[in-house]
Structure formats: structure tokens, C-alpha cells
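[1] here is the input, now give the coordinates:
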Amino acid sequence: MRPAEFLQIVTSRRVVREFADAPLDEQDLLYILTAGRWATRGSNSRIHRLLVVQNRSVIRRVRAFSPGMLGSPAALIVICTDGGLAAAAEVQLDRDITPWIDVGTAAMNMMLAAHALGLGSCPVTSFSKGAVAVVLNLPLRVVPEFIVQLGRPFAMPRVSPSPVSRAALDEIVYWENYPG
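    Numbers count the residues shown, from 1 in each chain. The predicted structure follows:
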């Protein structure tokens, strides 16, 4: 892939909130999960697990406890922190923010991979962790941290050449010193 092609994927990705009523191909899901697997990890700790949910009934129940979930996706990927794995890796979940960063890098990798496949994605962070854990029948040591909605876009979001909501590089980048 050429650098311009990669940048095109990054700059054209948009949040998709309306999904067509169509299932996803298993190969596409595996591609997206592989992208999540290759995300960076602080101290190379592997304390997160990815739970794929495609059952429409379960997705509806998760949605009932997720005000940030506006669409009806074909699948969810729930990024979970396994407290047992964290304890074994001596990761202090109550003190270390690195696991949150790891969740973010995995989510972004998966959303970019979905976009590269022509699929839509939408992040969900506004949900009841306790209720979603019960709906998904997660063990007590496992906490759902982030949900990635996936599906075929009902209609691709309009992409302008230079989105108004993005600042120009010279507005957000400093070289060598941060101005006082």
C-alpha cells in the first residue's frame, strides 16, 4: 500500500450510525479482528479479549443499556479487560492508564480495517458496563470496556475534501517547543 492510499483510508473514515440489514462475511470479521490483534500494547501485556456478537437479539439487549449505541449493526466487537490476565501480568488496573490506551488503539485499528473493507463502524463508550456484562454473560473478572459496532452502511457518510471539524496541522502541531 502506498502512503497516499493509507492516508486516504484514514481521512475518509467516518462514523456510521445507520446500517443495512445484512450480515457480515466471516472473512471480513477475521480481517477486522486481526487488525485489532496487531494493535500496540503497553509492556506487550495481553489483557484484553475481543468478543464478537452477531446474534440480533443479544445486540438489541446490549443496545437497551447503551445510550451511545444509535444504530442496529450486524455485529459488535466488545473489547474486554480480563482482570485475571491483568493480575497475572501485574497490571494495576486501578492505577495504570495504559490499558485504556490499548483499548483505543485496538478499536481504531479495527475501525480503519472495517473502512478499508467498505464496511461501517461506530464506537460506543456510553453504556452500562455492569448491565452489558450481564447481557453478555461475562465472567466476573471480565469487564466490557468499549464496543465497536460494525455493519454494511445503509448509505456511506458524505466525505468532504477537508472536513470543517478538523483543524489544520499548523493549528495543532508545534515543532520542538510548545509555545508558552
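[2] contacts only, for the residue nearest to the spatial centre of the chain.
    The chain has residue 107 as the residue nearest its centroid, 2.8 Å off, counting by CA atoms, centre = their mean. With contact set as CB atoms under 8 Å, 6 or more residues apart in numbering, residue 107 has these partners: 36, 79, 123, 146, 148. Glycine gets a C-beta too; all of them are placed from N, C-alpha and C.
[3] same check on residue 52?
    So residue 52 contacts 29, 33, 75-77 (CB under 8 Å, 6+ apart).
[4] can you tell me which of these are in strands?
    Cross-referencing the contacts of residue 52 against strands under DSSP state E gives 75-77.
[5] nearest to residue 16, of the residues you listed?
    Nearest to residue 16 among the ones in strands among the contacts of residue 52: residue 75, at 12.7 Å, using CB to CB.
[6] correct me if wrong: the closest one contacts residue 152.
    No - the criterion here is CB atoms under 8 Å, and residue 75 misses it with residue 152 at 10.5 Å.
[7] ok, back up a step: biggest separation within the contacts of residue 52, which pair?
    Largest pairwise distance in the contacts of residue 52, by CB to CB, is 12.3 Å, between 33 and 76.
[8] so what's the residue nearest to residue 98 when sequence neighbours are not counted up against?
    Distances taken as CB to CB, 6 or more residues apart in numbering place residue 42 nearest to residue 98, at 3.3 Å, with adjacent residues excluded. Neighbour list for residue 42: 96, 98-99, 101-102 [criterion: CB under 8 Å, 6+ apart].
[9] in the helix ranked longest in the chain, what counts as buried?
    In the chain, assigned by DSSP state H, the helix with the most residues is helix 98-116. The neighbour-count check on helix 98-116 (16 or more other CB atoms under 10 Å) flags 98-99, 102-104, 106-116 as buried.
[10] tell me the one of those residues nearest residue 25?
    residue 114 (11.9 Å).
[11] just checking, the closest one touches residue 32?
    Yes - under the criterion of CB under 8 Å, residue 114 makes contact with residue 32 at 5.4 Å.
[12] shared neighbours, the two?
    residue 150.
[13] picking up where we left off before, pLDDT on the helix or strand just after the longest helix of the chain, on average?
    For helix 98-116, the following helix or strand on the C-terminal side (DSSP states H and E) is strand 120-124. For strand 120-124, mean pLDDT rounds to 95.
[14] go on, stretch 84-100?
    Averaging pLDDT along stretch 84-100 yields 90.
[15] quick one: end-to-end distance for that stretch.
    Start to finish, the residues bounding stretch 84-100 are 17 Å apart (CA to CA, to the nearest Å).
[16] can you pull the buried residues of it?
    85-86, 91, 98-99.
[17] next: stretch 116-132.
    Buried-residue list, stretch 116-132, by 16+ other CB under 10 Å: 116-117, 119-124, 127, 132.
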